[in-house]
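*Asks:* sharing a model that was predicted from the sequence below.
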2 protein chains.
Amino acid sequence: MSKPLSIGVAGLGTVGAGVLKLLAQNGDIVAARAGRPVTVGAVSARTRGRDRGVTLDGLRWHDDPVALAADPGVDVVVELIGGSGGPARALVEAAIAAGKPVVTANKALLAVHGAAIAEMAEGRGVPLAFEAAVAGGIPAIKGLREGLAANRLMRVAGILNGTCNYILTTMREQGREFGDVLAEAQALGYAEADPSFDIDGVDAAHKLAILAALAFGRPVDFDAVHVEGIREITAMDIAFAGELGYRIKLLGIAGRDEAGISARVHPCMVPVAAPIARVDGVFNAVVAEGDFVGRVMLEGRGAGAGPTASAVVADLIDIARGRHTPVWGGALDVAPAVPMERHRGAYYLRLMVLDRPGVIADVTGILRDGAISLESMLQRGRAPGEAVPVVLTTHDCEEAAMRAALDRIAALDAVLEKPALIRIEAL
Amino acid sequence: MSKPLSIGVAGLGTVGAGVLKLLAQNGDIVAARAGRPVTVGAVSARTRGRDRGVTLDGLRWHDDPVALAADPGVDVVVELIGGSGGPARALVEAAIAAGKPVVTANKALLAVHGAAIAEMAEGRGVPLAFEAAVAGGIPAIKGLREGLAANRLMRVAGILNGTCNYILTTMREQGREFGDVLAEAQALGYAEADPSFDIDGVDAAHKLAILAALAFGRPVDFDAVHVEGIREITAMDIAFAGELGYRIKLLGIAGRDEAGISARVHPCMVPVAAPIARVDGVFNAVVAEGDFVGRVMLEGRGAGAGPTASAVVADLIDIARGRHTPVWGGALDVAPAVPMERHRGAYYLRLMVLDRPGVIADVTGILRDGAISLESMLQRGRAPGEAVPVVLTTHDCEEAAMRAALDRIAALDAVLEKPALIRIEAL
């Protein structure tokens, strides 16, 4: 057996401690699969004394994470600090400059600066691995970039944020409102004190930007991702979705057609029979559609110490074995980004309208003027003079036309609240 | 870009033609991801003139597949002949002896002779790749052997035969009997004229033997797999399963515990809420449970020209890139095989009994004598003096005890047919 691969771990939060625990507990398995032992040589974290449930005895400590890159006893740098800039970026760039392979779980860093970092890594022939950055323990990066490498992928989509999926699942199962379930998720530790990163779709968008780059073989382009979160989803819309045969999921969807590449994160109504509709709670899933393979779905835990450590160490085993894949899989696509205004699809609209004659005629007239074709209309109950929900679903139309129509609908006197719009996706 | 990788393809059936078609259609993608073009240098098949929908112009033709191994213009041998011995085995061994990497979709060959072939390949340092041998287009081999490499896997299970899954799904959806649906599947080309290989569970067992070897890091051991097929599944049992909250699936399940490694293929009742219960029709799925990653499920098309070609070419890209993984992932486990008699689990029994007083008492008495604890009993309808179904489900017990009890139950005068036994699995 060859000489050990010595790693330096920056960041000893849940995931960093998980990596140390995994290497201690499964050292025999890792050594057999890597062809040599994988050992921890040095670590870096903000606080030295904290009990992390793992021993740091015998490990060199660096207060400055960037010092790991210069540590002659460190062969590979594992970046688990997080954040799109600051020390994480400095460390990754220092490691690449020093010719040391990097393993990172940092989706924000890759989404925002991944194009430049990848160029630097490829220019110097240094491996940059990031299986843990997307969908936790699910081998999604490897699956797409190597497993489906022979395919022209038309679409990659996924449930990429466990916090949102947990909240939406709980809202549906218990018929509760968003704010209520969010507060509970925060109390249980499933959601952050400042949850905006998750619930506004930013975290999912970071991951989708990475998946889109791999799927279509071009550098990551976070700015091209259209992002909406789940704050405006109501128990009423979840109930209507059920009645119509749908479930509401926060999906990231990237597609490639003649016009170019689209990438968007927003709540979707997906048919109850679609495999992704049944991925509930904290589970994540990634669906890819290729021209030869058809539809493949990968499902598992998208976060947490164990799953994320599993992905980090899988990358370390690849590096130990000398298995190398270009960052974006082998770039080939120079297609333009398609803006959200050009998206075509079906829509669910839910309006709160004053129950009086003529309102539906006004609404459907506006849709007709926009050349938007209705698929169904639903008005439950009567309450003359009061607010009642009206649900409309459309056939495929263009986003720009739908937005223009929606502005006109929202301006009607009889429409009492901001209309709810949820896109319907066939997956 | 480096010089092309030239392949020799043996076997030009559906899959072989699919590989040629993929390389023609996605040549740009494959070259970008492989770092060099992958070209077909030579082919071999039984019949020369047949129209396969792909051009063979300019390709060297060998009547004897083994000649591909000696062709100096062939860098990698792709074996798509099939069958556990004969020309397939001769070709694979000749290629390895000549130091040429092998890509094969041949599960029978790997299950039966894989231990010897892998030893030969590893001894000579020749890559032996077989992503297409298990679950078609799903990157299950890569997922298990590389993606989950950091985990101690406790279990790997799957729906590994699309023909059986299609038959069971259709029986459930249409309330029809096995023989009827099989005949239709044969007419539609979903089942072979001689379907025994599929419906008796042999094909699934070949694939499970390979998955178990990868999951537990030891050479493949087909003889240790317990195999039962789906011939005895009735519409009545499928209906009772639904009533009890289960679906009937033909699963391959391999597990590792203190006693050793178990591997078995048989019809199972799985809870309707289990993700694998919803994998219907010709789709396959592989579920793995690891100590850090938790449960991961991979789902997709398990057969057909496109998905299988996708997997074959993924292996070729790995070889072109020099990405190499030991055949069994890095062997480490020397655990004994646990025989089926030692299996512990819950059981569903369905008896056809003469409707007369005392029969249930006789049956339950036998179960009590065997220390088998009942979970539920169901006797629908009354028909004094005639045959009625009685359904029993048990708590966990040992297979040997259940079989002994079942022999005694079957021998009762009032039990009119061979009892149906289906194992209940929590997945």
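*Replies:* Good, I have the coordinates.

*Asks:* against which helices or strands is the lowest-mean-pLDDT helix or strand in chain A packed?
*Replies:* Ranking every helix and strand in chain A by mean pLDDT, DSSP states H and E puts strand A:374-379 at the bottom, with a mean of 93. Packed against strand A:374-379, as judged by 3 or more Cβ pairs under 8 Å, 6 or more residues apart in numbering or on different chains; DSSP states H and E, are the following elements: helix A:359-369, strand A:387-394. Backbone N, C-alpha and C define where each C-beta goes, glycine included.

*Asks:* just name the most buried of the ones you listed.
*Replies:* Of all these, strand A:387-394 has the most neighbours on average by mean count of other Cβ atoms under 10 Å in any protein chain shown, namely a mean of 19.

*Asks:* residue A:247 touches residue A:272, doesn't it?
*Replies:* Yes: judged on Cβ atoms under 8 Å, residue A:247 makes contact with residue A:272 at a distance of 5.8 Å.

*Asks:* which one's more surrounded, these two?
*Replies:* Neighbour count, other Cβ atoms under 10 Å in any protein chain shown: between residue A:247 and residue A:272, residue A:247 has more, with 22 against 13.

*Asks:* can you give the distance of whichever strand or helix holds that one from its chain's centre?
*Replies:* Counting by DSSP states H and E, the element that carries residue A:247 is strand A:246-257. Strand A:246-257 has its C-alpha centroid displaced from the chain centroid by 11 Å (Cα atoms, centre = their mean, to the nearest Å).

*Asks:* give the rounded mean pLDDT of it.
*Replies:* For strand A:246-257, the mean pLDDT works out to 97.

*Asks:* over to stretch A:169-182?
*Replies:* Here the average pLDDT along stretch A:169-182 is 97.

*Asks:* so what's the gap between it and the chain middle?
*Replies:* Offset of stretch A:169-182 from its chain centre (Cα atoms, centre = their mean): 21 Å.

*Asks:* ends of that stretch, how far apart?
*Replies:* 12 Å (Cα to Cα, to the nearest Å).

*Asks:* and the helices in the stretch 251-400 of chain A?
*Replies:* A:305-321, A:359-369, A:399-410 (DSSP state H, counting those that start in this stretch).

*Asks:* picking that back up, relative to chain B, which of the helices and strands packed on strand A:374-379 is closest?
*Replies:* strand A:387-394 (24.7 Å; Cβ to the nearest Cβ).

*Asks:* sheet partners, orientation included, of that closest one?
*Replies:* Applying DSSP bridges, strand A:387-394 is found paired with strand A:344-354 (antiparallel), strand A:374-379 (antiparallel).

*Asks:* and the angle from it to helix A:359-369?
*Replies:* 30 degrees (axes from the mean of the first three to the mean of the last three Cα atoms, to 10 degrees).

*Asks:* got the domain boundaries for chain A?
*Replies:* What automatic domain parsing lists as the domains of chain A is A:5-133, A:140-301, A:341-424.

*Asks:* is the second one up against chain B anywhere?
*Replies:* This points to domain A:140-301. Yes: using Cβ under 8 Å from any Cβ of the partner chain, domain A:140-301 reaches chain B at A:142-143, A:145-152, A:217, A:275, A:278-279, A:290-301.

*Asks:* buried residues, stretch A:8-24. List them.
*Replies:* Neighbour counts over stretch A:8-24 (16 or more other Cβ atoms under 10 Å in any protein chain shown) mark A:8-12, A:14-23 as buried.

*Asks:* next secondary structure element downstream of the strand or helix carrying residue A:24?
*Replies:* Here residue A:24, judged by DSSP H and E, is contained in helix A:14-25. Toward the C-terminus, helix A:14-25 is succeeded by helix A:27-34 as the next helix or strand (DSSP H and E).

*Asks:* what sits in contact with each of residue A:247 and residue A:272?
*Replies:* Residues within reach of residue A:247 and of residue A:272 at once, by Cβ atoms under 8 Å, 6 or more residues apart in numbering or on different chains: there are none.

*Asks:* next to chain B, which bits of the stretch 301-427 of chain A? Give me the list.
*Replies:* Proximity of the stretch 301-427 of chain A to chain B (Cβ under 8 Å from any Cβ) is limited to residues A:301, A:306-307, A:309-314, A:316-318, A:321-326, A:329-332.

*Asks:* buried subset of those residues as a PyMOL selection?
*Replies:* Here is the PyMOL command that selects the buried residues among these (16+ other Cβ under 10 Å):
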select buried, chain A and resi 301+306+307+309+310+311+312+313+314+316+317+318+321+323+325+326+329+330+331+332
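
*Asks:* tell me which of the domains of chain A is the most buried.
*Replies:* Highest mean neighbour count of those: domain A:140-301, a mean of 22 (counted as mean count of other Cβ under 10 Å).

*Asks:* first to last residue in that domain, what's the distance?
*Replies:* Domain A:140-301 end-to-end distance (Cα to Cα) = 11 Å.

*Asks:* residues from the stretch 1-150 of chain A in reach of chain B?
*Replies:* A:18, A:22, A:25-26, A:28-30, A:32-35, A:131, A:137-139, A:142-143, A:145-150.

*Asks:* which SSE is immediately downstream of the helix or strand containing residue A:210?
*Replies:* In this assignment (DSSP H and E), residue A:210 forms part of helix A:202-216. Later in the chain than helix A:202-216, the nearest helix or strand by DSSP H and E is strand A:226-227.

*Asks:* ok, then the element right after that next one?
*Replies:* Reading on from strand A:226-227 to the C-terminus, the next helix or strand found by DSSP H and E is helix A:235-243.

*Asks:* packing partners of that following helix?
*Replies:* helix A:162-174, strand A:246-257, strand A:344-354, strand A:387-394, strand A:420-424.

*Asks:* repeat the analysis, applying 7 Å as the threshold.
*Replies:* Judged by 3 or more Cβ pairs under 7 Å, 6 or more residues apart in numbering or on different chains; DSSP states H and E, the packing partners of helix A:235-243 are helix A:162-174, strand A:246-257.

*Asks:* got the ones you listed as CSV, with distance to residue A:191 columns?
*Replies:* Formatted as CSV, those follow (distance: least, Cβ to Cβ, whole Å):
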stretch, distance to residue A:191
helix A:162-174, 5
strand A:246-257, 13
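
*Asks:* which stretches of the stretch 1-150 of chain A form strands?
*Replies:* A:5-10, A:38-44, A:60-62, A:76-79, A:102-104, A:128-129 (DSSP state E, counting those that start in this stretch).

*Asks:* alpha carbons of the helix holding residue A:24, as PDB, please.
*Replies:* In PDB, the C-alpha atoms belonging to helix A:14-25 read as follows (Å, rounded to 0.1, in the frame of the first residue of the first chain):
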ATOM      1  CA  THR A  14     -20.800  19.900  11.900                       C
ATOM      2  CA  VAL A  15     -19.400  18.800   8.500                       C
ATOM      3  CA  GLY A  16     -15.700  19.100   9.500                       C
ATOM      4  CA  ALA A  17     -16.200  17.100  12.600                       C
ATOM      5  CA  GLY A  18     -18.200  14.600  10.500                       C
ATOM      6  CA  VAL A  19     -15.200  14.100   8.100                       C
ATOM      7  CA  LEU A  20     -12.900  13.500  11.100                       C
ATOM      8  CA  LYS A  21     -15.300  11.000  12.600                       C
ATOM      9  CA  LEU A  22     -15.800   9.200   9.300                       C
ATOM     10  CA  LEU A  23     -12.000   8.900   8.700                       C
ATOM     11  CA  ALA A  24     -11.600   7.500  12.300                       C
ATOM     12  CA  GLN A  25     -14.500   5.100  12.100                       C
END
